[in-house]
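Enquirer: coordinates only, sequence not included:
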């Protein structure tokens, strides 16, 4: 589904963002990318839908290079940003979820169908007429996800979806993501808190200083997370003792 | 892009910011109003100060590049005349060219003095000097001026980040497919402004809870 | 409470000063032409903050730049920016924001008066901007207008159109 080959990215100020990343992510996987702040997770995500351009290397989504057709890449890869507030544009929950499909110039009834489905999937349909700034943190995050779902992207990329959420908010977002994965979407998410994804994810990739340092099934990699500056999940640490 | 301060010459950095600011203002007036001999003298002063303070050459080059377009425009519009009637013709005007050169010269000098001043004065000293200057003006609360200046400076980089994220989030949802400019202005500005106002709200609360009032003490007070 | 609201308005005005500064860098591409957002934020400062605080935000922006603090685009800040060909527009923002604030405060909050306020403000900005451009570059009036006013009018019309829904959506948020 996603093939990344030899990806390098250097920022304008000269710091190396990504170094020689090669990954293949298959359809239907639930991939967690973990690492400290500044390890390159967000930079990698921005390459997946063409917000950043690689200095060298190539990314193919479903066989087509991102650079060749950016619009297609953006429809295929739905990117949910860490900061929900800066991506919510609508004056109501409904209008915000409709923003993406409207930009794709879809027919009106198709937009209505997609928005209804998306809001239903994240459990916000009862708030459709509310202004988004009245929502709670977890609801805002789910609205941001709904805005991407309405574009019907088969791949969902979530940047730190659990940051700054209270416990109910985390549970809401967790079950929402698990539900979407169960429907067959490919999920890629970044976090530095493994507790929130153990039991959901199938594959774990550790990043440090712009490189992939570990990649494999979640259970195999979990004991090695602390090398990447990520806290070992409580469950796993207890088992070891 | 937003930081220029580097205390390269300890003496100039230690000098009272108010004195430096008054010098700057005097120089600026002289540059704008002065005739040719005065400009020559000021250029000499400028070179001398440059030798003493040593601004990093990359700062100078960057400022000159920014100024370059302006200078080009001024010089071209004063020295060249484009006849509007057919056939189009450019005519060269020597007196205008001299005139344009002098105007550019003045701008470069102003830029230079501005640069010198920024290199040897820290942001907080600049603020304090401005507040001191505002004091004798009736009806201008000088502390509010200083506070607002520092808030503005602090929030500018934050806002730029915010704007970049908003723009990226919208590109991720294919905004570039929309050609209607009013739609794009609105959709870009609204989240940015809403977020900005929210930050301002939090900030006001935080300032109040730390007992901000316009009677606090400040440097040079 | 009085002190409370003045701190809040001060924070808003400082934020708008930063927005206006940022507006010089922020551009929305329309076709191939990037349209800079700065004067949109000046309009909004007038409409949302009113004449007094709107004037504060523009004044703080200009003052911060004039004393050499890095808020103007590029490294060459300070007085040189005012003496350059575009200095008149910057100065023009001062009376313009006051006028926009005054008109919108002393009329009913309808789109008609808001558009009128912004048109009046723009006239003031161009009056200052083009006159100074003419002084600095020695162009004659028709040329100065052709270089410093006409090309920007379509963009301004679009920004005025966009300012109406933005003001409507945000008016409730500004707690005076």
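Expert: Cool, got the structure. Given the structure is predicted, the values throughout are model-derived calculations rather than measurements.
Enquirer: can you list the residues of chain A near chain C?
Expert: Proximity of chain A to chain C, by Cβ under 8 Å from any Cβ of the partner chain, involves residues residue A:91. Any C-beta I mention is one placed from the backbone N, CA and C, and that applies to glycine too.
Enquirer: Does the residue nearest the centre of chain A belong to a helix, a strand or coil?
Expert: What sits nearest the mean C-alpha location of chain A, by Cα atoms, centre = their mean, is residue A:158, with 1.7 Å. Under DSSP: H, G, I helix; E, B strand; the rest coil, residue A:158 falls in the strand class.
Enquirer: partners of it in the sheet?
Expert: Beta-bridge pairing for residue A:158 (DSSP bridges): residue A:80, residue A:189.
Enquirer: Need the pLDDT of it.
Expert: With respect to pLDDT, residue A:158 scores 92.
Enquirer: what about it, distance to residue B:113?
Expert: Per Cβ to Cβ, to the nearest Å, residue A:158 is found 51 Å from residue B:113.
Enquirer: next one: residue B:63
Expert: From residue B:63 over to residue B:113 (counting by Cβ to Cβ), the distance is 11 Å.
Enquirer: List the residues that contact residue C:147.
Expert: Going by Cβ atoms under 8 Å, 6 or more residues apart in numbering or on different chains, residue C:147 touches C:133, C:137, C:139.
Enquirer: could you point out which element follows the host helix or strand of it?
Expert: Residue C:147 belongs to helix C:141-148 when assigned by DSSP states H and E. Toward the C-terminus, helix C:141-148 is succeeded by helix C:153-170 as the next helix or strand (DSSP H and E).
Enquirer: what residues does that following helix touch?
Expert: Identification of contacts with helix C:153-170 by Cβ under 8 Å, 6+ apart yields A:91, B:181-182, B:185-186, B:189-190, B:193-194, B:197, C:30, C:33, C:35, C:37, C:39-40, C:43-44, C:47-48, C:111, C:114-115, C:118-119, C:122.
Enquirer: residue ranges of the strands in chain B, please?
Expert: B:80-83, B:89-92 (DSSP state E).
Enquirer: Which neighbours in the sheet does the last one have, and how are they oriented?
Expert: Paired strands of strand B:89-92, with direction, are strand B:80-83 (antiparallel) (DSSP bridges).
Enquirer: buried set for the helix ranked longest in chain B?
Expert: In chain B, assigned by DSSP state H, the helix with the most residues is helix B:142-172. Neighbour-count burial for helix B:142-172, counted by 16 or more other Cβ atoms under 10 Å in any protein chain shown, picks out B:142-153, B:155-156, B:159-160, B:162-163, B:165-172.
Enquirer: now stretch C:147-164
Expert: Buried-residue list, stretch C:147-164, by 16+ other Cβ under 10 Å: C:147-149, C:152, C:155-164.
Enquirer: Let me know the closest of the contacts of residue C:147 to residue C:107.
Expert: residue C:133 (31.4 Å; Cβ to Cβ).
Enquirer: where does chain A have its least confident helix or strand?
Expert: helix A:234-240 (a mean of 62; mean pLDDT, DSSP states H and E).
Enquirer: Contacting chain A as well, which ones from the buried residues of helix B:142-172?
Expert: Answer for the buried residues of helix B:142-172 near chain A (Cβ under 8 Å from any Cβ): B:162, B:165-166, B:168-172.
Enquirer: coming back round to it: who are the neighbours of the longest helix of chain B, in terms of helices and strands?
Expert: Under the contact criterion of 3 or more Cβ pairs under 8 Å, 6 or more residues apart in numbering or on different chains; DSSP states H and E, helix B:142-172 touches strand A:77-80, helix A:84-87, helix B:123-134, helix B:181-209, helix C:2-23, helix C:38-66.
Enquirer: quick one: buried residues of the third one?
Expert: Right, the one you point to is helix B:123-134. Under 16+ other Cβ under 10 Å, the buried positions of helix B:123-134 are B:123, B:125-134.
Enquirer: thinking again about what came up before, make JSON lines out of the buried residues of stretch C:147-164 and add pLDDT and distance to residue A:86.
Expert: Below are those laid out as JSON lines (pLDDT from 0 to 100; distance: Cβ to Cβ, whole Å):
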{"residue": "C:147", "pLDDT": "85", "distance to residue A:86": "37"}
{"residue": "C:148", "pLDDT": "87", "distance to residue A:86": "35"}
{"residue": "C:149", "pLDDT": "89", "distance to residue A:86": "35"}
{"residue": "C:152", "pLDDT": "91", "distance to residue A:86": "29"}
{"residue": "C:155", "pLDDT": "90", "distance to residue A:86": "25"}
{"residue": "C:156", "pLDDT": "92", "distance to residue A:86": "27"}
{"residue": "C:157", "pLDDT": "93", "distance to residue A:86": "28"}
{"residue": "C:158", "pLDDT": "92", "distance to residue A:86": "23"}
{"residue": "C:159", "pLDDT": "93", "distance to residue A:86": "21"}
{"residue": "C:160", "pLDDT": "94", "distance to residue A:86": "25"}
{"residue": "C:161", "pLDDT": "93", "distance to residue A:86": "24"}
{"residue": "C:162", "pLDDT": "92", "distance to residue A:86": "19"}
{"residue": "C:163", "pLDDT": "93", "distance to residue A:86": "21"}
{"residue": "C:164", "pLDDT": "92", "distance to residue A:86": "23"}
